[in-house]
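Asker: whatever this is, show me its structure:
(one chain, ligands or ions: 2)
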Amino acid sequence: MLILSFAGCGSESSTEIFYAMDTVMTVTVYGSGAKKASKAAYNEVKRLEKLLSVTDEDSEIYALNHRFTSDVSEETAALIEMALEISRETDGAFDITIYPVSLLWGFITKDYKVPPADKISEALTHCGSENISVSGTHINLPEGYMIDLGGIAKGYAAEKVKEKLLGMGINSAIISLGGNVQTIGRKPNREQWKIGIADPFGKESSESIYTEDSAVVTSGGYQRNFTHEGKTYHHIIDPKTGFPAESGIASATVICKSGTEADALSTAFFVMGKDKTEQFCSSHDGISAVIIMQSGEVINVK
Ligand code: AMP
Ligand code: MG
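Answerer: Ligands and ions are numbered 1, 2, ... in the order given. This is a model prediction of the structure:
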């Protein structure tokens, strides 16, 4: 996703560009106190990175994955609960227990390979969100299970940054955490924010969305992939097959109020395909999507 336009001059503004959660992040805050607020945004993302990382040995998720049972913070427990809820709502298309399969494909370590089919089938026996139990802050995973919040953590972080900035009295900001965009209010000149959706085929930004006070999150196979013997394999796994999802979608962009929901749903829609995405959006108020198909067709859902 590319941010196509910024507000004009005239008011105080501050931009922080940094690397976190394996991606480049940009936070631009307008109005009085902008500098302090953008610093606070950076600190908030770094705090969440430490809490939710799957690879950092000091994170709560790492501890859980290596002990199978663990007490976590209320915040982590609530986010896991939310991920499980979205898993149920999307009939398992979004599933944080897909981690053992992502590891096999090398998508976590960037040591990409096509795993043998029997290894994928074996790893799939350790997947299924319905087998996780959450009791208050106590999480229990069946042995061999591991969770990965990579499909939801950036959107959650963007939403938490939004809350932090609102608490500091900020009413105009744009937060872009590796393509997970969350906006606060409007641009200082009162225009809506213009968010460009990256062209999944690598050309210039193709579509754009005008929005205010919303999250705009894109998932696409172009974001991380490798090619083996002429075939391209990307990082979004279909939990039903253990292979990169092949739904015909090149990228799925979700627009809704909550960054957390937008992040998880964009991953899910990519797996679910066009028809199920249309059904989902028509039965859930406040959620719309822009689907770009492999054929290049652009579908505005709701
Ligand atoms: P995103 O870029 O938000 O679409 O999330 C993709 C990341 O989520 C991957 O890099 C994996 O860490 C993880 N992931 C892959 N497939 C799934 C899935 N079906 N459900 C939930 N998380 C997934
Ligand atoms: Mg996602």
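Asker: how many other residues sit next to the nearest residue to residue 234 once chain neighbours are set aside?
Answerer: Using Cβ to Cβ, 6 or more residues apart in numbering and skipping the chain neighbours, the partner closest in space to residue 234 is residue 221 (3.4 Å). In this view, the C-beta of every residue, glycine as well, is placed from N, C-alpha and C. Residue 221 is flanked by 22 other residues according to other Cβ atoms under 10 Å.
Asker: pretty sure residue 221 sits against residue 200.
Answerer: Yes. Checked against Cβ atoms under 8 Å, the pair residue 221 and residue 200 is within contact range at 7.3 Å.
Asker: joint contacts of the two?
Answerer: Applying Cβ atoms under 8 Å, 6 or more residues apart in numbering, one finds that residue 221 and residue 200 are jointly contacted by 250-251.
Asker: ok, residue 222 to ligand 1 distance?
Answerer: Distance of residue 222 to ligand 1, computed by Cβ to the nearest ligand atom, to the nearest Å: 11 Å.
Asker: identify the residues contacting that residue.
Answerer: Contacts for residue 222 (Cβ under 8 Å, 6+ apart) come out as 198, 200-202, 234, 250-251.
Asker: pretty sure it is in a strand, no?
Answerer: No. Residue 222 is assigned helix when assessed by DSSP: H, G, I helix; E, B strand; the rest coil, not a strand.
Asker: which stretch of helix or strand covers the spatially closest residue to residue 277 that is not a sequence neighbour?
Answerer: If the residues on either side of it in the chain are set aside, residue 277 comes closest to residue 269, at 4.3 Å by Cβ to Cβ, 6+ apart. In this assignment (DSSP states H and E), residue 269 forms part of helix 259-272.
Asker: and which of the contacts of residue 222 is nearest ligand 2?
Answerer: Among those, residue 251 lies closest to ligand 2 (Cβ to the ion), at 11.6 Å.
Asker: quick one: pLDDT of the closest residue to ligand 2 within the stretch 101-250 of the chain?
Answerer: Residue of the stretch 101-250 of the chain nearest ligand 2, by Cβ to the ion: residue 151 (4.0 Å). Note on residue 151: pLDDT of 97.
Asker: what do you get for residue 129?
Answerer: 97.
Asker: my read is that it contacts residue 91, right?
Answerer: No. Counting by Cβ under 8 Å, residue 129 does not reach residue 91; the two are 11.0 Å apart.
Asker: Three-state assignment for the residue of the stretch 101-250 of the chain closest to ligand 2, please.
Answerer: Taking three-state DSSP, the label given to residue 151 is coil.
Asker: contact partners for it?
Answerer: Neighbour list for residue 151: 94, 96, 219, 236, 263-264, 267 [criterion: Cβ under 8 Å, 6+ apart].
Asker: so which residues on the stretch 201-302 of the chain come close to ligand 1?
Answerer: Selection of the stretch 201-302 of the chain residues close to ligand 1 by Cβ under 6 Å from any ligand atom yields 219, 223, 235-237, 239, 263, 266-267, 271.
Asker: what's the farthest-apart pair in those residues?
Answerer: Largest separation among those by Cβ to Cβ: 223 and 239, giving 18.5 Å.
Asker: show me which of the two is the more surrounded one.
Answerer: A direct count of neighbours by other Cβ under 10 Å for residue 223 and residue 239 places residue 239 higher, at 22 against 17.
Asker: could you find the closest non-adjacent residue to that one?
Answerer: residue 95 (4.3 Å).
Asker: now do the one you found against residue 35, distance only.
Answerer: Using Cβ to Cβ, to the nearest Å, one gets 40 Å for the distance from residue 95 to residue 35.
Asker: the two: which is more packed in?
Answerer: Using other Cβ under 10 Å as the criterion, residue 95 and residue 35 rank with residue 95 on top: 28 against 14.
Asker: count the residues that sit near residue 263.
Answerer: 32.
Asker: go on, the one 10 residues further on?
Answerer: Applying the criterion other Cβ under 10 Å, we find 19 residues in the vicinity of residue 273.
Asker: cool, and the one 4 residues further on?
Answerer: Burial of residue 277 is recorded as 28 neighbouring residues (other Cβ under 10 Å).
Asker: secondary structure class for it?
Answerer: Assignment for residue 277 (three-state DSSP): helix.
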